[in-house]
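# Need coordinates for the following:
(chains A and B)
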Amino acid sequence: MKKRTRGEIVLSIFLIALALLYIVPFVMMILGSFKSQAEAAAFDLSLPSEWLFSNYLHVLENGNILSGYVNSLIITVPVTILSLLFGALAGIVISRRNTRVTSALYYYFIFGLTLTLQIASIFFLLKALNIYGTFFSVICIFISLRIPFTVMTFCSFIKGVPREIDEAAIIDGCNFWQMAFRVLFPVLKPIVVTNIVITAIDVWNNFMIPLFYLGSSKKATVAMSIYSFFGRYNRDWQYVFGALTLVVLPMLILFIVLQKYIVAGMTSGAVKG
Amino acid sequence: MKNKKNSIYPLWAIAPAFIVYTIFAVVPIVISLIFSFTDWNMERLYAPEFAGIKNYIQLFQDPVFLKSIINTFIFAICTTILKTGIGFLLALALVKKVAARGILRTIYYAPCVMSITVVGVLFKSILANKGLLNNALSLLEMGELAKDWLASYGTAMGSVIFVETWMWAGFNMFIFLSGLQAIPADYYESATLDGANGWQKFRYVTLPLIIPSLTVVVTLSIAGGLKVFDIIYVITNGGPGFDTQVLSTYTYQSFSLGFLGESTAGSIILAVIVTFISFAMNRYFTKREVEM
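Below you'll find the model as predicted:
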């Protein structure tokens, strides 16, 4: 094995120390979730004098964490599927037709990348359409926010796929749907993964849109229920830490398992964006 | 011939994306543009009256609004410099074969997949008066540095900037890493043959070829920083007082107080700033990219 230089050793020590600083908040959170009220409020890295698993029972009974998970799924799954589907179809057609109309449409969609959220106007629109406070409205808003990115990534990616593939499929008797889903989607897999990863993480973590437009606490997503839980229990840090752990751990495990796809997806998404 | 080929791709396939995007993203900005010139408020939701540029004048006479513009820029500029700088340094370090670099990369990256409410609440326990940070300071016998971090403007603003950096530096690191790994090794070899030292290799090989990644990172960070809402809302909620209010939290606050006209005028100002700066940044950097 190659001998490491002194500089490399110093660098390694520095990087590991920095990584420990990244981990410390999570260690405090997990340890704190098993402590008594007084111990948790001391905010340190000591082990709990008694491991109180009952904290989690309290959180599960009062925290709406599980219903938060259900609500987040109700929103995230349709948004991820539909924005991918709509954006991909639009991207494929816009890029392949390549006429004046479609290039105007391309810029129309791309314009959305710089848009900022119009809080009051969307509120008015939802009231006027009589869909304020519904999952449906929030799903539609999320889809409209994701579509510019999806259209752009599909447009740029499909340029690298030879047209002959499409034409061969049509000659073999495919219709447009079969060509898009059976022939093109497998070729487009990297960009499909990118879009799924970015949309799912973005929508799952989003706090603004559910906060503005869902209204009732029954429909609270995970991100919202954590925030309102903290509001109600800001003196009971053992419960807050417990609720945080219930939200962070599944996410971390999922991240570590799917790390390859998530990192590749998010990075290539950013580079294309 | 071209038309015949185009008929494979039916125009109606664009329709779903077009309809949802138009109704929920484009129509609201049109509504904002029109209604920002009215006396729109919650009681007159459906019957606003034309009021000229009154809303805009009122905004620019409101010291909180002016402060929130300044804060928005401070936040965007500081976080962009820190996220980009730290992300780049981490990438330079981790592109080398240091020990445990896979695990280190994972750890630095992990915060950005987390929900901001989770991160925000967690950092409240660190930054609180008797929080982890102050405890650590007194343990290191630097107790005099301990303070209530979120209770005064400077440290509160510094705290949110720090948390944002903590979340996104690792994400930027990965963009730079993929940029660094794309630089062919023989560029460095020929530089070595030409007698270049480490600094010269960095200055004349790495730096010019990393500009595309830099464009991406800086443009994303600036736009994200200007639009910032949730991290401020969760950690300081614009406080203490209105000290750390930014444009998004300001427009949300005037919206929830029922001042819809002012809120939309604020949104329009933010939209103009974001669009203008994003385009300017992109043009500036695109000119400086070199072909590999």
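
# next SSE after the lengthiest helix in chain B?
Longest helix in chain B, counting residues (DSSP state H): helix B:63-94. Heading C-terminal from helix B:63-94, the first helix or strand you meet, by DSSP states H and E, is helix B:101-109.

# Can you give me the buried ones in stretch B:99-110?
Residues B:L104, B:R105, B:T106, B:I107, B:Y108, B:Y109, B:A110 are the ones in stretch B:99-110 that count as buried (16 or more other C-beta atoms under 10 Å in any protein chain shown). Every C-beta, even on glycine, is put in place using the N, C-alpha and C of the backbone.

# What residues does the stretch 151-273 of chain A have near chain B?
A:151, A:163, A:166-167, A:170, A:176, A:179-180, A:201, A:204-205, A:207-208, A:212, A:222-224, A:226-227, A:230, A:237, A:240-241, A:244, A:247-248, A:251-252, A:255-256, A:259, A:262-263, A:266-268, A:270-271, A:273 (C-beta under 8 Å from any C-beta of the partner chain).

# now do 6 Å
For the stretch 151-273 of chain A, the residues found near chain B under the criterion C-beta under 6 Å from any C-beta of the partner chain are A:170, A:176, A:201, A:205, A:207-208, A:223, A:226-227, A:230, A:244, A:247-248, A:255, A:263, A:267, A:270-271.

# mind showing which ranges of chain B have poor pLDDT?
Low-confidence regions of chain B, defined here as pLDDT under 70, cover residues B:1-5, B:289-292.

# What helix or strand is residue 192 located in?
You didn't say which chain, so I picked chain A. Taking DSSP H and E as the criterion, A:V192 maps to helix A:189-205.

# my bad, chain B
Assessed by DSSP H and E, B:T192 sits inside helix B:185-193.

# after that helix comes which helix or strand?
Remark: after helix B:185-193, the chain's next helix or strand is helix B:198-201, criterion DSSP H and E.

# for the next helix or strand after that next one, which positions count as buried?
Using DSSP H and E, the next helix or strand after helix B:198-201 towards the C-terminus is helix B:207-226. Buried residues in helix B:207-226, counted by 16+ other C-beta under 10 Å: B:209-226.

# Going by secondary structure, residue 123 is in what exactly?
With no chain named, the answer covers chain A. Going by DSSP H and E, A:F123 is part of helix A:119-128.

# You answered for a different chain; I wanted chain B.
Assigned by DSSP H and E, B:F123 belongs to helix B:116-127.

# angle of that helix against helix A:189-205?
Orientation note: helix B:116-127 sits at an angle of 60 degrees relative to helix A:189-205 (axes from the mean of the first three to the mean of the last three C-alpha atoms, to 10 degrees).

# tell me what helix B:116-127 is packed against?
Judged by 3 or more C-beta pairs under 6 Å, 6 or more residues apart in numbering or on different chains; DSSP states H and E, the packing partners of helix B:116-127 are helix A:222-232, helix A:237-257, helix B:230-235.

# what do you get if the cut-off is 8 Å, keeping everything else the same?
If contacts are counted by 3 or more C-beta pairs under 8 Å, 6 or more residues apart in numbering or on different chains; DSSP states H and E, helix B:116-127 sits against helix A:6-32, helix A:222-232, helix A:237-257, helix B:132-139, helix B:153-181, helix B:230-235.

# so does stretch B:219-231 get close to chain A?
Yes - judged by C-beta under 8 Å from any C-beta, stretch B:219-231 comes into contact with chain A at B:L220, B:A223, B:K227, B:F229, B:D230.

# Next, give phi and psi for the fourth one.
When quoted as degrees, to the nearest 10, the phi and psi of B:F229 stand at phi -130, psi -60.

# Identify the residue spatially nearest to it, adjacent ones excluded.
Excluding the flanking residues, the one nearest B:F229 by C-beta to C-beta, 6 or more residues apart in numbering or on different chains is B:S248, at 3.8 Å.

# Can you report how many residues lie near the one you found?
Using other C-beta atoms under 10 Å in any protein chain shown, B:S248 has 24 neighbouring residues.

# Can you pull the phi and psi angles for it?
Per-residue torsions, B:S248: phi -70, psi -40 (degrees, to the nearest 10).

# Confirm for me that it is in contact with B:K227.
Yes - under the criterion of C-beta atoms under 8 Å, B:S248 makes contact with B:K227 at 6.2 Å.

# got any residues that touch both of the two?
Both B:S248 and B:K227 are in contact with A:T116, A:L117, B:L270, where contact means C-beta atoms under 8 Å, 6 or more residues apart in numbering or on different chains.

# can you tell me the helix or strand for the last one?
Element membership of B:L270, judged by DSSP H and E, is helix B:260-288.

# mind listing what's buried in that helix?
If you call a residue buried by 16+ other C-beta under 10 Å, then helix B:260-288 has these buried ones: B:260-271, B:273-275, B:277-278, B:281-282, B:285.

# and it with helix B:207-226, angle?
Computed by the same axes, to 10 degrees, the angle separating helix B:260-288 from helix B:207-226 equals 180 degrees.

# Helix B:260-288 packs against which elements?
Here helix B:260-288 touches helix A:119-128, helix B:27-35, helix B:54-61, helix B:63-94, helix B:207-226, helix B:247-256, going by 3+ C-beta pairs under 8 Å, 6+ apart.

# Generate a markdown table for those helices, with distance to B:K147 as supplementary columns.
As requested, the helices and strands packed on helix B:260-288 are exported to a markdown table (distance: least, C-beta to C-beta, whole Å):
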| stretch | distance to B:K147 |
| --- | --- |
| helix A:119-128 | 34 |
| helix B:27-35 | 41 |
| helix B:54-61 | 33 |
| helix B:63-94 | 20 |
| helix B:207-226 | 25 |
| helix B:247-256 | 24 |
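
# A:S49: which of the ones you listed is closest?
A:S49 lies closest, by C-beta to C-beta, to one member of the helices and strands packed on helix B:260-288: helix B:63-94, at 37.8 Å.

# Quick one: neighbours of B:I70, just the number.
So B:I70, with other C-beta under 10 Å, has 11 neighbours.

# Give me the distance between it and chain A.
Distance, B:I70 to chain A, by C-beta to the nearest C-beta, to the nearest Å: 18 Å.

# how far away is that residue from B:T244?
Distance of B:I70 to B:T244, computed by C-beta to C-beta, to the nearest Å: 11 Å.

# got it, and B:V98?
Note on B:V98: its distance to B:T244, by C-beta to C-beta, is 37 Å.

# so the helix holding B:L270 versus helix B:54-61, what angle?
Angle, helix B:260-288 to helix B:54-61, by the same axes, to 10 degrees: 70 degrees.

# related to what we said a few turns ago, right, is the helix holding A:F123 up against chain B?
Yes - judged by C-beta under 8 Å from any C-beta, helix A:119-128 comes into contact with chain B at A:I119, A:A120, A:S121, A:I122, A:F123, A:F124, A:L125, A:K127, A:A128.

# rewinding a little: what about B:V98 and B:T244, which has more around it?
Counted by other C-beta under 10 Å, B:V98 and B:T244 do not tie: B:T244 has more neighbours, with 24 against 18.

# neighbours of the residue lying closest to that one once chain neighbours are set aside, just the number please.
Once flanking residues are discounted, B:T244 sits nearest to B:T236: 4.6 Å by C-beta to C-beta, 6+ apart. Close neighbours of B:T236, defined as other C-beta under 10 Å, add up to 25.

# List phi and psi for B:T236.
In this entry, B:T236 is assigned phi and psi values of phi -110, psi -20 (degrees, to the nearest 10).

# And B:T38, by the same measure?
Backbone geometry at B:T38, expressed as degrees, to the nearest 10, gives phi -120, psi 170.

# Let me know whether it touches B:I53 as I believe.
No - with contacts counted by C-beta under 8 Å, B:T38 stays clear of B:I53, the gap being 10.9 Å.

# do you know how far B:G52 is from chain A?
Using C-beta to the nearest C-beta, we find B:G52 at a distance of 18 Å from chain A.

# that older thread, show me which of the buried residues of stretch B:99-110 neighbour chain A.
Okay, of the buried residues of stretch B:99-110 touching chain A (C-beta under 8 Å from any C-beta), that's B:L104, B:T106, B:I107, B:Y108, B:Y109, B:A110.
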